[in-house]
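Peer 1: Give me coordinates for this.
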Amino acid sequence: MVFAIVAGMLPFTGAAQAHGTIINPMSRAYQCWKTWGSQHMNPAMQQQDPMCWRAFQANPDTMWNWMSQLRDGLGGQYQARTPDGQLCSNALSRNDSVNQPGAWKTTTVSRNLTVQLYDQASHGADYFQVYVTKQGFNPSTQKLGWGNLDLITTTGRYAPAQNISFNVSLPARSGNHILFVLWRASHLDQTYMWCSDINVT
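Peer 2: Next up, the predicted model:
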């Protein structure tokens, strides 16, 4: 129990780890942390949420540090420096569990939705790029590659704030998809990438 409390506090223990993630629709690591962080030893997770269970088995730090999925110095070369199959982890090997296809929990959305970022350190954004998987992509069986995505929008700048939200209109889609969001933070050449599992109705 003590370990769970201490580990759960890790994302908040210093500026180096104070970053952010997409909280709606929830990114994969955040969803696992939000749902199971306080009960990560609960055997029910294996049956109720098998992808989170696998992720916790592979590396619990992926969930404890859901705020810290960033890379420095990409210089805008996102596709060239992020291989297919590694988009959901932002090509960070420690977070490879979130690249794995399977029955990830989904957030039900309409074609018009609001994307919400929580950024504890209030970095602001040069921009966000938002993509959605093409119709026919199956997140249960396929790893995500750039060729599976359609770019929906590139936003403008956002001033530093802990909570940033923006509206997105999906093209014609139905069923389970991945919403892929790239955040270029304003304070440094620092890029974040996440996958959020959605069910478009």
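Peer 1: Need the contact partners of the helix or strand hosting Thr114.
Peer 2: Applying DSSP states H and E as the criterion places Thr114 in strand 112-119. Residues outside strand 112-119 that contact it (C-beta atoms under 8 Å, 6 or more residues apart in numbering): 19-25, 125, 128, 130, 161-170, 179, 181, 183, 198. Yep, even glycine has a C-beta here, placed from its N, CA and C like the rest.
Peer 1: Please spell out the ChimeraX selection for the buried subset of those.
Peer 2: Only the buried entries of the contacts of strand 112-119 go into this ChimeraX selection, using 16 or more other C-beta atoms under 10 Å:
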select :19,20,21,22,23,24,25,125,128,130,164,168,170,179,181,183,198
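Peer 1: Tell me the secondary structure at the residue lying closest to Asn59 once chain neighbours are set aside.
Peer 2: With C-beta to C-beta, 6 or more residues apart in numbering as the criterion, Asn59 has its nearest non-adjacent residue at 5.8 Å, and that residue is Arg94. Secondary structure, DSSP: H, G, I helix; E, B strand; the rest coil: Arg94 is helix.
Peer 1: going on from the strand holding Thr114, what's the next piece of helix or strand?
Peer 2: That would be, after strand 112-119 and using DSSP H and E, strand 125-133.
Peer 1: Name the next helix or strand downstream of that next one, please.
Peer 2: strand 149-154.
Peer 1: That following strand relative to strand 125-133, how many degrees between them?
Peer 2: 150 degrees (axes from the mean of the first three to the mean of the last three C-alpha atoms, to 10 degrees).
Peer 1: Restricting to C-alpha, output whichever helix or strand comes after strand 149-154 in PDB.
Peer 2: Downstream of strand 149-154, the first helix or strand assigned by DSSP H and E is strand 163-169. The C-alpha coordinates for strand 163-169 follow below in PDB (Å, rounded to 0.1, in the frame of the first residue of the first chain):
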ATOM      1  CA  ASN A 163      -5.800  23.200 -19.000                       C
ATOM      2  CA  ILE A 164      -6.000  23.600 -22.800                       C
ATOM      3  CA  SER A 165      -9.000  22.500 -24.900                       C
ATOM      4  CA  PHE A 166      -9.800  22.700 -28.500                       C
ATOM      5  CA  ASN A 167     -12.600  21.500 -30.800                       C
ATOM      6  CA  VAL A 168     -12.100  18.800 -33.400                       C
ATOM      7  CA  SER A 169     -14.400  17.700 -36.200                       C
END
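Peer 1: got the angle for strand 163-169 vs strand 112-119?
Peer 2: Strand 163-169 runs at 160 degrees relative to strand 112-119, counting by the same axes, to 10 degrees.
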